[in-house]
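Participant: structure, please.
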Amino acid sequence: MPNKKNISNVKELTDKLSRAKSIYFTDYLGLNVSDVTSLRKKFFDSNVEYLVVKNTLLKIASDQNEITLGNELFSGSTAIAISYDEPVLAAKVIKDFLKDHDLPSIKGLLFEGSYLPASEFEKIANLPSKEESLTKIVVMLKSPVQNIVNLLNSPMVKLVNVLNGLKGTKN
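Facilitator: Alright, predicted model coming up:
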């Protein structure tokens, strides 16, 4: 018979999984306390939730959300990074953290409702974030408009220069 704490944890985890844009399943075992604290701070600063979960409770919560996950996720220690807003953000934090550390290792990921194996992590981590994409679009849109403004101003500048030249010769 399940205890009340586990029932509560499953309910909370089920809710978190249902709201998530992306979930990164990691194996954190082997990280020391200061490294885990540093990683949690980076996640917190990026508005990503990082929590250790029991595999059996994760399996129940994913089943309740009708999410099909790979069996490799349910072995060993598991911590999940949940992003509710920007699906790529957690991957970027993990990728940045892995530059200086060997762990956490990626077991798999749930990206916009689709389960992807760990081998797809690098592709996701290299995707531009929503903010980066919007910046690129604005720059691309601004460039043609700026060219049109310069083109329209160009004849006016030439006309003013010609008029100033004529004015100089009349004096």
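Participant: low-confidence ranges in the chain?
Facilitator: Of all residues in the chain, those with pLDDT under 70 make up the ranges 1, 140, 145, 147-160, 162-163, 170-171.
Participant: could I get the full set of helices for it?
Facilitator: Counting by DSSP state H, one finds helices in the chain at the ranges 4-19, 33-45, 55-64, 89-98, 121-125, 130-170.
Participant: what's near enough to touch the closest residue to Phe25 other than its chain neighbours?
Facilitator: The shortest distance from Phe25 to any residue other than its chain neighbours is 4.3 Å, reached at Lys107 (Cβ to Cβ, 6 or more residues apart in numbering). Every residue, glycine included, has its C-beta placed from N, CA and C. Contact criterion Cβ atoms under 8 Å, 6 or more residues apart in numbering gives 25-27, 70, 72-73, 76, 78, 118 as the residues in contact with Lys107.
Participant: I'd assumed Phe43 was in contact with Phe97.
Facilitator: No. With contacts counted by Cβ atoms under 8 Å, Phe97 stays clear of Phe43, the gap being 9.0 Å.
Participant: those two: who's more crowded?
Facilitator: Comparing Phe97 with Phe43 by other Cβ atoms under 10 Å, the one with more neighbours is Phe43, at 22 against 17.
Participant: and that one, what does it touch?
Facilitator: Contacts here follow Cβ under 8 Å, 6+ apart; on that basis Phe43 touches 49-50, 81, 90, 93.
Participant: ok, it to Ile23 distance?
Facilitator: For Phe43, the distance to Ile23 under the criterion Cβ to Cβ, to the nearest Å works out to 13 Å.
Participant: what is in contact with the two at once?
Facilitator: Applying Cβ under 8 Å, 6+ apart, one finds that Phe43 and Ile23 are jointly contacted by Ala81.
Participant: returning to that earlier point: okay if I get the contacts of Phe43 as CSV plus neighbour count?
Facilitator: As requested, the contacts of Phe43 are arranged in CSV below (neighbours: other Cβ atoms under 10 Å):
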residue, neighbour count
Glu49, 16
Tyr50, 23
Ala81, 26
Ala90, 30
Val93, 22
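Participant: just curious, which of those residues is nearest to Lys59?
Facilitator: Ala81 (18.1 Å; Cβ to Cβ).
Participant: does that closest one touch Val93 like I think?
Facilitator: Yes. Ala81 is within contact range of Val93, at 7.3 Å (criterion: Cβ under 8 Å).
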